[in-house]
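1. Structure for this input, please:
(2 chains)
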Number of protein chains: 2
Amino acid sequence: MKRTALALSMAGLLGLAVAAPKPAARPAKPTAVNTPKKTAQEILASSPASDWRALNPENTLLMELAAGTVIIELAPRFAPAHVANIRALARGGYWDGLAILRVQDNFVTQWGDPDGEDAAKARPLPAGANAKLPAEFSVPIDSIGKSAGFARLPDVDGWAPRTGFAEGFPVAADPASGKAWLAHCYGMVGAGRGDAVDSSNGSELYVVIGQAPRGLDLNITVVGRVIKGMELLSALPRGTAAMGFYDKPEQRTGIQRIRLMSEVPAAERPSLQVLRTDSTTWTQLLDARRYRGGWFVHSPGHIEICSASVPTRPAP
Amino acid sequence: MKRTALALSMAGLLGLAVAAPKPAARPAKPTAVNTPKKTAQEILASSPASDWRALNPENTLLMELAAGTVIIELAPRFAPAHVANIRALARGGYWDGLAILRVQDNFVTQWGDPDGEDAAKARPLPAGANAKLPAEFSVPIDSIGKSAGFARLPDVDGWAPRTGFAEGFPVAADPASGKAWLAHCYGMVGAGRGDAVDSSNGSELYVVIGQAPRGLDLNITVVGRVIKGMELLSALPRGTAAMGFYDKPEQRTGIQRIRLMSEVPAAERPSLQVLRTDSTTWTQLLDARRYRGGWFVHSPGHIEICSASVPTRPAP
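-> Residues are numbered from 1 along each chain as shown, chains lettered A, B, ... in the order given. So this is what the prediction gives:
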């Protein structure tokens, strides 16, 4: 009986590998007037091909672990210098054989060079990668306008006066400061830094694995998001040293290699498509989460940018 | 160098087993005027004993897994019938030898009877446990007033007109409907249900392991929260069948037993204390998250009820 519990879950927007929700045994009584006519699965199933886009091989990282491949989409519009550096790091094989160093519950998984703090042992950066980059905590708000397909949400957000999606990423903005920035939602990837704001270079990356730590927004450079394989980074054993670092080297998860998709032979590239966030399908999906039917008896009438991840699908 | 990254993390409020943040190499430049004078660690270190409370053994579940013990605090003020039933289920050893059945990434971990859907094989409920309970999705807003020590947050929340903490739990409320309810934050525990609103009885429970699915609020009965051992439930392999259920029985994590703390000999009881959410210490901790110093160069000036979990500590 209870296998139907929570059937209409986050999964509806996190991928296509989910079951259609079981029909309610009796008519649902949503409290909102705006009950969706279609479920998320139905909306996706009827989406036009033009609402989907291919991955840009120059903006896609393939992180190979023993357990599988994590796919990361980079955000050059928001962090151009970091993304350029990450491309150079990947091209130079910088992460190959390095490791996941830190998993802090309800916060982040972080990877890089275990010897990164020891100048004598640290792996040198490959040719073309810079040791020092400017902080890229925000971009001018004008740069996320129509050219980026910015789709603003009408929903109130306590962290920023404006929120929405641009090019597949959750974005916050403040007209008063003139800034726009990537929001720290689940699955977002950022570049670890020390105390100095310009101390990140993209060689040590983290991904959010818990409640969105939006308090980090505008404090660190966000470079992209995981679009496939999150469970390979979120389900790792938590580290027990301070801040979730692993106590012992043998607790770490090795990184076999991280490649830029453009460097991978075409036949080996994953053929994923990503839903456009300036599409009608995406707008409908968000509305289906605001106004729920079926199992739900109360519709929140609300979402936030971290409530939903942009779906991917195998290229048809 | 980058080991200091993200030093001022969620962990500051998730427990005491965290390092003090490394001092900034140069003066921080917070943008908020209200920069805290003390860090979370300093606030906790100087908290008066009266700001802490003991666990109530009648409201505490000890869930024993091979990897360790998960401690769950129940919320009888919000779900009295479910909590009474859960006590009866634990007293009767209902979960002993059952299993974690479902782990859906960025959503929930769920446990109960693997044969629960097969009437012929389902484990019978023990004496004193009811098969059917009323839905307990909300309580009258009056019941979370001063008697429950409700501490309202001034911060805007998009999901509910009022939010705050009561008796250690994140609470949302709506004066227009006269309802108050427990919010689906990370670590909150609820009772799985089928399509009928009164189809949960507390025998199948779930815990939130990702971004707060606040859209579930008012749709299902929330019964408590995990106060220790979350990593034993959040880091489990994700299930690959629909909705994160495990495909095969051998993928499940067995539950050795779940006991009500009042049934456990006093010498075996964990001697944890929980910070009172109607205390000055808690108010100060929340403020230290709104207005950040040290590593942070931007203070959000904002928190939400799911931004922070109530700290515990070993009884002094």
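
2. can you list the residues of the stretch 51-200 of chain A near chain B?
-> A:103-108, A:110, A:112, A:116-117, A:137, A:155-159, A:185-187, A:192-197, A:199-200 (C-beta under 8 Å from any C-beta of the partner chain). Heads up, the C-betas are built off the backbone N, CA and C, glycines and all.

3. Return a selection command, for use in PyMOL, containing the buried ones of these.
-> Selecting only the buried entries of these in PyMOL, with 16 or more other C-beta atoms under 10 Å in any protein chain shown as the criterion:
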select buried, chain A and resi 103+104+105+106+107+108+110+112+116+137+155+157+158+159+185+186+187+192+193+194+195+196+197+199+200
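
4. Which of the residues of the stretch 51-200 of chain A next to chain B fall in strands?
-> Among those, DSSP state E puts A:103-104, A:108, A:110, A:112 in strands.

5. Greatest separation within the residues you listed: which pair is it?
-> Greatest spatial distance among those (C-beta to C-beta): A:Gln104 and A:Gly112, at 14.6 Å.

6. residue contacts, A:Ala160?
-> Contacts here follow C-beta atoms under 8 Å, 6 or more residues apart in numbering or on different chains; on that basis A:Ala160 touches A:172-174, A:183, A:217.

7. just those now: which is nearest chain B?
-> Set against chain B, the nearest of those by C-beta to the nearest C-beta is A:Asp217 (7.1 Å).

8. Could you report the neighbour count for that closest one?
-> Residues lying near A:Asp217 (other C-beta atoms under 10 Å in any protein chain shown) number 23.

9. now stretch A:63-82: how far from the chain's centre is it?
-> Per C-alpha atoms, centre = their mean, to the nearest Å, the displacement of stretch A:63-82 from the mean C-alpha position of its chain is 9 Å.

10. so for that stretch, what's the average pLDDT?
-> If you average the pLDDT over stretch A:63-82, you get 98.

11. For my notes, confirm A:Ser50 occurs in a helix.
-> Yes - the assignment for A:Ser50 (DSSP: H, G, I helix; E, B strand; the rest coil) places it in a helix.

12. What distance do you get for it to B:Ala160?
-> Separation of A:Ser50 from B:Ala160 (C-beta to C-beta, to the nearest Å): 38 Å.

13. what does A:Arg276 give?
-> 32 Å.

14. Also A:Ser138?
-> Using C-beta to C-beta, A:Ser138 is found at 29 Å from B:Ala160.

15. now A:Arg238
-> To B:Ala160, A:Arg238 is 31 Å away according to C-beta to C-beta.

16. Farthest pair within the contacts of A:Ala160?
-> Between any two of those (C-beta to C-beta), the greatest distance is 12.1 Å, for A:Asp174 and A:Ala183.

17. Among these two, which residue is more densely surrounded?
-> Just comparing A:Asp174 and A:Ala183: by other C-beta under 10 Å the higher neighbour count belongs to A:Ala183, 27 against 16.

18. Let me see the contact set for that one.
-> Residues near A:Ala183 by C-beta under 8 Å, 6+ apart: A:159-160, A:163, A:170-172, A:212, A:214, A:217, A:222, A:305-306.

19. now the helices for the stretch 201-316 of chain A?
-> Counting by DSSP state H, counting those that start in this stretch, the stretch 201-316 of chain A has helices at residues A:231-234, A:280-290.

20. and stretch A:174-185, which residues are buried?
-> A:174, A:179-185.

21. cool, stretch A:49-68 as well?
-> A:51-52, A:55, A:59-65.

22. what's the distance between A:Ala235 and chain B?
-> Going from A:Ala235 to chain B by C-beta to the nearest C-beta, to the nearest Å gives 6 Å.

23. how many other residues sit next to that residue?
-> Counted with other C-beta under 10 Å, residues neighbouring A:Ala235 total 19.

24. do the same with A:Pro265
-> Neighbours of A:Pro265 using other C-beta under 10 Å come to 6.

25. Show the backbone phi and psi for it.
-> phi -50, psi 140 (degrees, to the nearest 10).

26. Run through the residues that contact the residue sitting nearest the centre point of chain A.
-> What sits nearest the mean C-alpha location of chain A, by C-alpha atoms, centre = their mean, is A:Arg225, with 2.8 Å. Neighbour list for A:Arg225: A:72-73, A:75, A:168-169, A:185, A:187-189, A:309 [criterion: C-beta under 8 Å, 6+ apart].

27. When you compare pLDDT across those residues, which one is lowest?
-> Ranked by pLDDT, the contacts of A:Arg225 bottom out at A:Ser309 (92).

28. Can you give me the neighbour number for that one?
-> A:Ser309 has 24 neighbouring residues, counting by other C-beta under 10 Å.

29. and what of A:Gly97?
-> If you count neighbours by other C-beta under 10 Å, A:Gly97 ends up with 12.

30. Ok, the one 5 residues further on next?
-> Around A:Arg102 there are 27 other residues, counting by other C-beta under 10 Å.

31. Repeat that for A:Ala242.
-> Here the number of neighbours of A:Ala242 (other C-beta under 10 Å) works out to 18.

32. which intervals of the stretch 1-150 of chain A have sub-threshold pLDDT?
-> A:1-36 (pLDDT under 70).

33. could you pull out the helices for it?
-> Going by DSSP H, counting those that start in this stretch, the stretch 1-150 of chain A shows helices at A:11-14, A:40-45, A:80-91.

34. Show me what the second one packs onto, helices and strands only.
-> This means helix A:40-45. Applying 3 or more C-beta pairs under 8 Å, 6 or more residues apart in numbering or on different chains; DSSP states H and E, one finds that helix A:40-45 contacts helix A:11-14, helix A:280-290.

35. Please repeat the previous calculation with a cut-off of 6 Å.
-> Judged by 3 or more C-beta pairs under 6 Å, 6 or more residues apart in numbering or on different chains; DSSP states H and E, helix A:40-45 is in contact with helix A:280-290.

36. could you give the mean pLDDT of the helix it packs on?
-> The average pLDDT for helix A:280-290 rounds to 96.

37. For that helix, C-alpha coordinates in PDB please.
-> Below are the C-alpha coordinates for helix A:280-290, written out as PDB (Å, rounded to 0.1, in the frame of the first residue of the first chain):
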ATOM      1  CA  THR A 280       7.400  26.200 -22.800                       C
ATOM      2  CA  THR A 281       8.000  22.700 -21.500                       C
ATOM      3  CA  TRP A 282      10.100  24.000 -18.700                       C
ATOM      4  CA  THR A 283       7.500  26.600 -17.800                       C
ATOM      5  CA  GLN A 284       4.900  23.900 -17.700                       C
ATOM      6  CA  LEU A 285       7.000  21.600 -15.600                       C
ATOM      7  CA  LEU A 286       7.500  24.300 -13.000                       C
ATOM      8  CA  ASP A 287       3.800  25.000 -13.000                       C
ATOM      9  CA  ALA A 288       3.100  21.300 -12.500                       C
ATOM     10  CA  ARG A 289       5.200  21.600  -9.300                       C
ATOM     11  CA  ARG A 290       3.400  24.700  -8.100                       C
END
